[in-house]
Each structure stands twice: as C-alpha cells, then as structure tokens.
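Asker: pasting the sequence and the predicted model now:
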2 protein chains.
Amino acid sequence: QGRKKENYNNRGMRFEEDINSSINYYRETGRALIHKKPTPVQIVSVDYPKRSAAKITEAYFRQPSTTDYQGIYRGMPVDFEAKETRSHTSFPLKNLHLHQVKHLEEVKAHGGLAFLLLRFGGEQAMYVIDAAHVIPWYYDQSERKSLTKRYVASHSCIVPEKLQPRYPFLDAVDELYFTNDS
Amino acid sequence: QGRKKENYNNRGMRFEEDINSSINYYRETGRALIHKKPTPVQIVSVDYPKRSAAKITEAYFRQPSTTDYQGIYRGMPVDFEAKETRSHTSFPLKNLHLHQVKHLEEVKAHGGLAFLLLRFGGEQAMYVIDAAHVIPWYYDQSERKSLTKRYVASHSCIVPEKLQPRYPFLDAVDELYFTNDS
Ligand SMILES: [Mg+2]
Ligand SMILES: [Mg+2]
C-alpha cells in the first residue's frame, strides 16, 4: 500500500516534469512563452548566515489564486491547469479546486485561452480540453461527480507522448483553437 | 542610518502594496486580470504536525525566471516589473536583473505588452515605460549606468497617485499602447 502510494507520487512527479520539460522546450525554441508559477509560500522567518545563502526557517503554504501554467502563445494569453488521475475511466471533479476553476473562468472572460491538460491512469497520452467543457460540470455536480474519459476524449484534442517535446500539447492547442484561422 | 534603512524598506513595502492593491482593484472590477507572481522558493523540508498546518522548516530563495506581474489586459498578455529607486533624478540600471530584462524581451517577441512601472525618490507618481526604451540601455551601460528621470518622463506615461485604485496605471497603459486604436 505504502509502495503503491510512492509509485503514484513518482508518477505524479514525472507528470509535472514531463509538462515542465515540454514548456521549457517550447520556450527555448521560441514557439511559446509559458512558465510554471511558483508555489506560493508565506515566509515567516529567515536566517542570514554569513557567507552562505539566506535560509528560510519558517514558512507556510498559501492558497494559490491561479492555475499552474501561464504564458503567451501566438500572441494570446494562455493559461492551463494540469491534472492527473489514477482512474482509467473518469476524471473526478474534486481534483479541481474552486480557485482554479474561477481563475480559468476569468481568463476566458478576459479573452485568453483557458484549458486543462489531463492524463488518465493506464495511458501515456494527455488531453487538452477547453475550460468551457469542464466549468459547468464543476459547478453542478448533482448529476455527476466526474467526467467520463469518453466525454473528455470527445470534447478535447489528444496529445500523444513523443520525444521532443515530451508532450507536444501546442499541436493540440492549434487544432482546438486555431484550425479555422486563415 | 539603520533608521533610514528601515524607513526605506517600509516605503519599499508600501510601493509593492500600492501596486498590489491596484491590480486587485482592477481584477475585482473586471478591467484586467493581473497577478503578482509568488517568490520562488526551493523547499527542502516540511513538518506535518497533527491538527495544524504543514510547516516549511528549510527552504531557500530561488532565482526568479520572470518579472513580478503578469496577466491579461484588453485580451492581450501584459507583463511588467515594478521598481522603486531612492534617487530623485535617475533610475540606476543595476536595479534591473538580467532575467527580468530577458523575460521582458521575450514577452515583446511573443506579442505581449512589456513595460516597467517606475517610482523615483521624492515623488508619489509612477511612470509606465515600455521595455523597448530600457532594454538597449541595460545591455550597453558603457555610456550611462542609469536612465535620467528626464529621459524616463519623456518616453513614458505618468501615473498620478489616486485613491481607487491607488495607482491607475492602466490609464497610462491605454495612453501608451491603445491611443491610436479605433
Ligand atoms: Mg496541477
Ligand atoms: Mg520588482
């Protein structure tokens, strides 16, 4: 059981690393300028030892007010949250936090691209799904508490695992948002 | 001397608070969606005491890779660095960090609005100056190591101190970037 959890956490770490390496690749090649937001921390006390780096000795996690990833793509603001679920068949809406959903809503209202990057258990591919296909289900969970993989698959673009970048999710973004552009 | 420093730090805090309260006001009123980026911290160890919040007991400051403020305004990506100098007459270029300048360059290259929000000593007003008027001087400091206030004033829009928001810098952004729009 403990072992299983560790594996999952490692997988969770890999998930984040895969996305980070992809955004770094896109940044280095100039295709997009996307950064991961740092975890917000409330710093309470700091030691300043001589001849070495300042050491934070007391701090607390703060509630983030946005999503994990933000930047610019094709001149447009882009904003997304990346989520992985162990489930092979559905994405539990409780994996999303209210502040993330609200932020994605605000991004849309301000004209930015707002989506989720989802990965299910037992599958290497990811899905790019526009926030509009998720937000209403988040706010009304009386009917269903999760999105089926079938629903996600039919309202999104798939991102296969590749080598460079590991997850070419901007190809899916192109397909989703820019296909009908001249 | 120590007292003077403290006053300056307080003033520095106020500077940041003034900007933060202004972006919050703009967010709440729906005019723009701008957030301050959290300070990046490398977390080394965390205590998870029973019945109370996780406590970070060892962490270090990491080098930020972007500027302080990012968001969306009028559907466009907006990105800026806020800087205050004690000097009444010039802005020392050493107040800028290479990663900030590089990031502002990248934002411009990707089609976003990239500027600095500057405040000089002895003055409550701020200046919104496009990064293009600062970057070349940063990279070549052989001629001058600072921008005179006169230079800044003649290449920027001024932001007077008001009540709500404290610094209506988006009016200056409008003037600077959107004046010739239909
Ligand atoms: Mg996430
Ligand atoms: Mg700053």
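Answerer: Sure, I can see it. Numbering: from 1, shown residues only, chains lettered A, B, ... in the order given. Ligands and ions are numbered 1, 2, ... in the order given.

Asker: what mean pLDDT does stretch A:91-100 get?
Answerer: Averaged over stretch A:91-100, pLDDT sits at 96.

Asker: could you confirm whether it reaches ligand 1?
Answerer: No - contact of stretch A:91-100 with ligand 1 (CB under 5 Å from the ion) is absent, the minimum separation being 7.7 Å. Heads up, the C-betas are built off the backbone N, CA and C, glycines and all.

Asker: buried ones in that stretch?
Answerer: A:91, A:93, A:96, A:100 (16 or more other CB atoms under 10 Å in any protein chain shown).

Asker: format the CA atom coordinates belonging to it as CSV.
Answerer: The C-alpha coordinates for stretch A:91-100 follow below in CSV (Å, rounded to 0.1, in the frame of the first residue of the first chain):
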residue,chain,number,x,y,z
PHE,A,91,-11.7,12.4,-14.1
PRO,A,92,-13.1,13.2,-10.6
LEU,A,93,-14.1,16.8,-10.5
LYS,A,94,-12.9,17.0,-6.9
ASN,A,95,-9.4,17.1,-8.3
LEU,A,96,-10.1,20.6,-9.3
HIS,A,97,-10.1,23.4,-6.8
LEU,A,98,-12.5,26.3,-6.8
HIS,A,99,-9.8,28.9,-7.2
GLN,A,100,-8.5,27.1,-10.3
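
Asker: what's in contact with that stretch?
Answerer: For stretch A:91-100, contacts defined as CB atoms under 8 Å, 6 or more residues apart in numbering or on different chains pick out A:63-67, A:81, A:83, A:85, A:116, A:118, A:120, A:134, A:137-138, A:141, A:144-147, A:149, A:152.

Asker: now, these that are in helices?
Answerer: With DSSP state H as the criterion, helices contain A:137-138, A:149, A:152 from among those.

Asker: scan the residues you listed and report the most crowded one.
Answerer: Within the ones in helices among the contacts of stretch A:91-100, most neighbours by other CB atoms under 10 Å in any protein chain shown means A:Val152, with 21 neighbours.

Asker: was I right to think that residue contacts A:Ile129?
Answerer: Yes - if you go by CB atoms under 8 Å, A:Val152 and A:Ile129 touch, sitting 5.7 Å apart.

Asker: residues shared between the contacts of the two?
Answerer: Residues touching both A:Val152 and A:Ile129 (CB under 8 Å, 6+ apart): A:Leu118.

Asker: pLDDT (mean, whole number) over the host helix or strand of A:Phe15?
Answerer: Following DSSP states H and E, one finds A:Phe15 within helix A:2-28. Averaging pLDDT along helix A:2-28 yields 78.

Asker: for the next helix or strand after that helix, buried residues please.
Answerer: Using DSSP H and E, the next helix or strand after helix A:2-28 towards the C-terminus is strand A:32-36. Buried residues in strand A:32-36, defined by neighbour count with 16+ other CB under 10 Å: A:32-36.

Asker: and strand A:32-36, what does it pack onto?
Answerer: Other helices and strands packing on strand A:32-36, by 3 or more CB pairs under 8 Å, 6 or more residues apart in numbering or on different chains; DSSP states H and E, are helix A:2-28, strand A:69-73, helix B:98-109.

Asker: nearest to ligand 2, out of those?
Answerer: Comparison of the helices and strands packed on strand A:32-36 against ligand 2 by CB to the ion identifies helix B:98-109 as nearest, at 7.7 Å.

Asker: in that closest one, what's buried?
Answerer: With burial defined by 16+ other CB under 10 Å, the residues of helix B:98-109 counted as buried are B:100-101, B:103-108.

Asker: what about it, near ligand 2?
Answerer: No - using CB under 5 Å from the ion, we find that helix B:98-109 stays clear of ligand 2, coming within 7.7 Å at best.

Asker: what's the longest strand in chain A?
Answerer: Secondary structure of chain A per DSSP state E: the longest strand is strand A:76-84.

Asker: out of everything not next to it in sequence, what's closest to the most centrally placed residue in chain A?
Answerer: Nearest to the geometric centre of chain A sits A:Ala82, at 1.8 Å (CA atoms, centre = their mean). Among residues not flanking A:Ala82 along the chain, A:Leu117 sits closest, at 4.4 Å (CB to CB, 6 or more residues apart in numbering or on different chains).

Asker: what would the buried residues of stretch A:91-100 look like in TSV with distance to A:Pro40?
Answerer: Converted to TSV, those look like this (distance: CB to CB, whole Å):
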residue	distance to A:Pro40
A:Phe91	25
A:Leu93	23
A:Leu96	18
A:Gln100	13
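
Asker: possible to save those residues as CSV with distance to B:Ala172 and secondary structure?
Answerer: As requested, the buried residues of stretch A:91-100 are exported to CSV (distance: CB to CB, whole Å; DSSP: H, G, I helix; E, B strand; the rest coil):
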residue, distance to B:Ala172, secondary structure
A:Phe91, 43, strand
A:Leu93, 41, helix
A:Leu96, 37, coil
A:Gln100, 31, helix
